[in-house]
Each structure stands twice: as C-alpha cells, then as structure tokens.
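Engineer: Predicted coordinates and the sequence they were generated for:
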Amino acid sequence: MLTSTIEQVSGVSGVQPNIHAGFDDTPADSAGVSGVSIEAPKAIIPGESERPVFRVLDDWIDDGDVKYRPGVWHFGIKPGRGEAPAMLTQQWVCSPLYLDAVTTDAHANSFGRLLRFKTTLNKMRTWAMPMDLLRGDCSDLRGELLAMGVEIDPYGRHHLAAYLQAIAPKRRIQCALQTGWAGTDYKAFVLPDDVIGPKSAAVAYQSGERGQDEYTVSGTLAGWQAGVAAQAVGNPLLTLALCTAFAGPVLARCNAESGGIHFIGDSSTGKTTAIEAACSVWGGPNFRRSWRATGNGMEGVAALFNDSLLALDEISECDPREVGAIVYALGNGRGKQRASRTGAARAVARWRCSVLSSGERSIGTTMAEGGHRVKAGQSVRLLDVPAQRMHGAWDNLHQHASGTVFSDALKREAITNYGHAGRAFLEKLTRDHEASFTEALDAIKMLPELQSANDEGQAKRAAARFAILALAGELATDYGVTGWPEGEATKAAAVGFAAWQSLRGKGRGNKSIQLQRYDVSPAGQVQAKWAQQTNKIETKHDGLYYVMVANHNGDTRGNDWYTDLICLSIDATASKDLLDKSVAPNLPGLVRIFG
C-alpha cells in the first residue's frame, strides 16, 4: 500500500523540494509542512510534473515493468541534452522511515526530529534524532540508523540527509536529553525506551546514540513481588536496598540532593546480592555498575542514571585517590567545569540519583589508602552501613537452609523478573500530586528511631537520608508495588540509621571511631585473657562489642576498625570506650594506634 496523503504519513509523503536550487518554504497555511503538496498525488508513481519528490512506500508496488520495494524513494528528473526529452530517475534511499515531529528542549535548543521507521524484522520503532547528526557526511547518523535496523542504500545515501531536512513536521514535542523528570510539574518521567506519565505523549527522549540496555524488562511484576520483594520482609538490609532503588525519582519531589548508602562487610556476605536485587527494580544484570571508573567516567554514568538508582559494586576496584572526589561529585549532582576549544565554559553535566554502593572497606578507609582523610561532607553523602547480620547480610532466610542458599535464590529471581517494579512505581508517582512529599518526609524525620543522642549536624543529615529511603519504600508499598506491610520500610531505615551510628562511636564530627586504625602486638595477644563471648561483632545498648578469635597477626593499617577486631587474634570483649585514643594507650601491649 502507498501512503500518499499528509495525514497518512505524518507529513512525510509528497515532499517536493527543488534539490538543485534549494528548498522552497510553503506558506504557514500549508499544513505547517514545507514543500508538501496538500492534495494527494494523482498517480502512485509521480509523473514528470511532480518531480523531484520523496515518497514513502509501505509495501511493494508493481508499476508495469518496474517493481518498487518498500521504503523511501527519491523520484527525480534529469534534463535532456539539447532537444532530447528529460529522463525520469528513481532511487531507493532506505527502508520505510517517517518524520513524525520536530523536537526541541525547554529552551528552544537541541532541535531534532522524531523518526518512526520499520526495522529489518518488520517492526516499527521510534527514535528522536538530534539534528546535529546531519553535519558533515552524516556517517554517524547512518551508523546509528543501521544499528537500529534501518536499511540504507550505500549508493543513495546522499539523499538521506536531504530527505530528513526537506520538511518540518507540524507536530512539536519537547525532547529530554537525559533520563528522569521532564519538567517541574512531575507529570512525565523519561526512560530511554519509554516516557511514563499523563504528559508522556508530549515528551521524547533524544539521544545521539541508540537506546541503552540498562532499563530492560523481563518476567512479570507478580514474579518480582514474590521472588524479590517478599524476601525483604524481615531482612532490613534488603529492604533498605530496595528502598534506595525507589528513592531515585522521589529525590526531586522532596527537593533533596543526591546521596545514598554504602554496604560494608566481609566477602560473600550478601552485599552484592542486595545490590542486584535493588537493580531488578529498574532493569536486568546490565543495570549494575562498578566502582572501576575514573572521576570523569563516573560523571557520565551518574548522568545516565539521573533521577534513578546508581548501583556501584566493590569500591576496592576504584583508585583510592579518586574516591573522595567521586563521592563529592555524586552528592553535589554536577560534574567538573570544563572549557571548550574557544575557551568558553562548556555545559556541565548534572544529575540527581540515589546511590547504593558496596565494598569490604568503608569510604574513609579507602580514602586513607590513597593518602586522603575523609571529610564530614563525604561521610554524610554516602553513609557507611555494616552488612553484618545473623546470616551474613540477612536476618530472615525464609525457609532457606543457609544465607548462601538464600542469596543464590534471590539472585536467580533478580535476573528472571526485573524492570517492572520501577515502571509500576512511576505510573503511580507521576499521577500523585495531592499529597505533599515534603510534609511526609518531615513527619518521618521526627520519628524517635531517627533521632541522634548527641544531636549533631552530621547525624541529622544522615537521619534525613534514611528518612528519604523510608518515604520511598512506604510510597512503593502504598502504590501496591512491593506488597510489604505498612511500616516495613520505616523499620528498615531505623535499623540502617542505628547501624550507621554504631560505626561512629561516641565521637563528634570527623573524630568518629571509624577513622582510627589499630594493631595488636604479639605481646598483647598473650596478655589478652578475657573470655570469648560470641563469634561475631554485635552492638549492645551498653556499648559492648564482642570480638571473635581468628588467626591473623601483623599490621592492619588500612582496614576498618571493626574488621580489624574481627581479624585479630583477640580473645576478649572490649567496650568501644576502651578503643578511644585517650584510653587505649593505658592498656599496655593491647592496642597500638597508628594515625
């Protein structure tokens, strides 16, 4: 079938530019499309008087001796020499491709075209193409189209740029240059492959590259609820991880800055499994990122996950000298200021994302390896939370034999059912404009479980971060996404806040105990004769820490203070007060302090 009228092809067919003398603009009353014939052509294949013109054929056309394949065709005319008649020409340009709309950002910049085309698999697909890809020989543009399934004739490729610029469709829509909220009315949320919300039809994601593979979908929402969300009940760290995933879109609604939590603990405790479960809210295995990146590279990654979850696994893979700068940048939500070739300031990358990280060492200890001391602003942007519960990172195994078996089952579910929960959450969030998110957040902040005894500023900022996670989790529950009982997310946030506080001792500001590093001398090991109480560290209300026995001697500088106590050959219980710098030297041979 031939699509011939303006309405049938969204303003594409019937284009009649003069390719030799430039394109003529038609008046504004000509359906808003330059160079377009208002009346449908009388013949399927244009005659001499209608040429030159582009036509889009949806199906094979048999015109006597010639068969025309589906696609964009350029029907031209070549003047004859002398009195010789003109020669009619036709050139197949590419597979069916339509121009549906003109795209531009909120500042009337970043112009583009919303393309709709048929792939090699005969499926329709859309892409908002930036107009700057038409510069030069358009090789970058052709590469992207080819990768997305458009077939292009290498001998007619020079017609492609002319076709894309021959008309300006009447329809206008806003383009978003990165994922996240489109506009401050919070009624459209942009993903690389979809726009969710009541204003989704007026927004398109525009990128110079084909769609990423982070926000993918598999399985069902019900499968995710049963295999992932249900397993979080009774497991505060897993609940906290899922709340962090839901918190990304909530940050802007609460006018909150980027930030998150950093799970720390020994290897094979379940930290990475918790991150994989959180990633399943938005996508599949490719959603998770690694700390193995430079500061500049991390800027691009953060911008990619704007208003969403940024999951970073294993901090030891990052250069310790760059960790501090990366943490600051992630929290500040903007990249480094750079100059263009002319010396003018280039546009700065911006983002707002909820960060979930993991590693065997804390942020401060990792920075110390690079010769840097952690600052207060860094410690509250990415909060250290120990991943040490009854069974590794878990408390409730949900009838599984061990923590390892539970982790394996959770991983299987996370790579089977993913991507649905985040989209279901956005469907509700983009239409929730009656309640005040700021007031709801303030109410959670006032809960007794999120109050600090010493009432210091850093503790308040940390409590506010956990309150945001609680709010996001409770919203997901209220929207019917998680299936959790009411209050489950809030209880998990309280557990996380208490765990964060346990790493800080009774110090204030940067003098918290997590910044100290200890070593036990061989003589000290002989003199320590207190009885062993349990095989793991456990925080009690009276401030006691139980230390396990392990066969490890030597310098432990660079490790976290609580990891040191687990690894060292101490058979004792000690109050955290005894580990303070002012007290520890009074225990000869037991503790030698580096720092």
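Structural biologist: That came through, no problem.

Engineer: give me the low-pLDDT residue ranges for the chain?
Structural biologist: The model of the chain has pLDDT under 70 over residues 1-43, 210-211, 335, 339-342, 344-345, 454-455, 505-595.

Engineer: Which positions in the helix ranked longest in it come out as buried?
Structural biologist: Longest helix in the chain, counting residues (DSSP state H): helix 457-478. For helix 457-478, the neighbour count (16 or more other Cβ atoms under 10 Å) marks 458-459, 461-477 as buried. The way it works is simple: take the backbone N, C-alpha and C, and place the C-beta from them, glycine included.

Engineer: what do you get for stretch 411-427?
Structural biologist: Of the residues in stretch 411-427, those buried (16+ other Cβ under 10 Å) are 411, 413-414, 416-427.

Engineer: Backbone dihedrals for residue 290, please?
Structural biologist: phi -110, psi 160 (degrees, to the nearest 10).

Engineer: And for residue 54?
Structural biologist: Dihedral angles of residue 54 (phi, psi; degrees, to the nearest 10) stand at phi -100, psi 140.

Engineer: Give me the neighbour count for it.
Structural biologist: Applying other Cβ atoms under 10 Å, we find 26 residues neighbouring residue 54.

Engineer: So residue 239 is in contact with residue 231, correct?
Structural biologist: No - using Cβ atoms under 8 Å, residue 239 is not in contact with residue 231, being 9.6 Å away.

Engineer: Could you say which helix or strand holds the residue nearest to residue 377 when sequence neighbours are not counted?
Structural biologist: Ranked by Cβ to Cβ, 6 or more residues apart in numbering and with sequence neighbours excluded, the top spatial neighbour of residue 377 is residue 328, at 6.7 Å. For residue 328, the element it lies in under DSSP states H and E is helix 320-332.

Engineer: who does that helix touch, helix- and strand-wise?
Structural biologist: Applying 3 or more Cβ pairs under 8 Å, 6 or more residues apart in numbering; DSSP states H and E, one finds that helix 320-332 contacts helix 295-304, helix 363-369, helix 376-381, strand 382-386.

Engineer: Among those, show me which one is buried the most.
Structural biologist: Among the helices and strands packed on helix 320-332, the stretch with the highest mean neighbour count (mean count of other Cβ atoms under 10 Å) is strand 382-386, at a mean of 26.

Engineer: got the contact list for that one?
Structural biologist: 237, 240, 259-265, 327, 330-331, 355, 357, 362-364, 462, 465-466, 496, 499-500, 502-503, 514, 562 (Cβ atoms under 8 Å, 6 or more residues apart in numbering).

Engineer: sec struct for residue 358, please.
Structural biologist: strand (DSSP: H, G, I helix; E, B strand; the rest coil).

Engineer: Can you name the residues that contact it?
Structural biologist: By Cβ under 8 Å, 6+ apart, residue 358 lies in contact with 262-264, 271-272, 274-275, 312-315, 387.

Engineer: what would these look like in a markdown table with neighbour count?
Structural biologist: Output for those, formatted as a markdown table (neighbours: other Cβ atoms under 10 Å):
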| residue | neighbour count |
| --- | --- |
| 262 | 25 |
| 263 | 28 |
| 264 | 28 |
| 271 | 28 |
| 272 | 21 |
| 274 | 29 |
| 275 | 26 |
| 312 | 27 |
| 313 | 20 |
| 314 | 17 |
| 315 | 26 |
| 387 | 23 |
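
Engineer: Excluding chain neighbours, what is closest to residue 132?
Structural biologist: Excluding its sequence neighbours, the residue lying closest to residue 132 (Cβ to Cβ, 6+ apart) is residue 208, at 7.6 Å.

Engineer: ok, how many other residues are close to that neighbour?
Structural biologist: Neighbour count for residue 208, taken as other Cβ under 10 Å: 14.

Engineer: That one reaches residue 135, doesn't it?
Structural biologist: No - with contacts counted by Cβ under 8 Å, residue 208 stays clear of residue 135, the gap being 11.3 Å.

Engineer: Tell me which of the contacts of residue 358 fall in strands.
Structural biologist: Counted as lying in strands by DSSP state E, out of the contacts of residue 358, are 262-264, 312-313.

Engineer: Tell me how far the residue most central in space within the chain lies from residue 260.
Structural biologist: Geometric centre of the chain, nearest residue: residue 305, 2.4 Å, by Cα atoms, centre = their mean. Going from residue 305 to residue 260 by Cβ to Cβ, to the nearest Å gives 11 Å.

Engineer: and the residue of the chain most remote from its centre, helix, strand or coil?
Structural biologist: What lies farthest from the middle of the chain is residue 83; by Cα atoms, centre = their mean that is 65.7 Å. At residue 83 the chain is in coil, as set by three-state DSSP.
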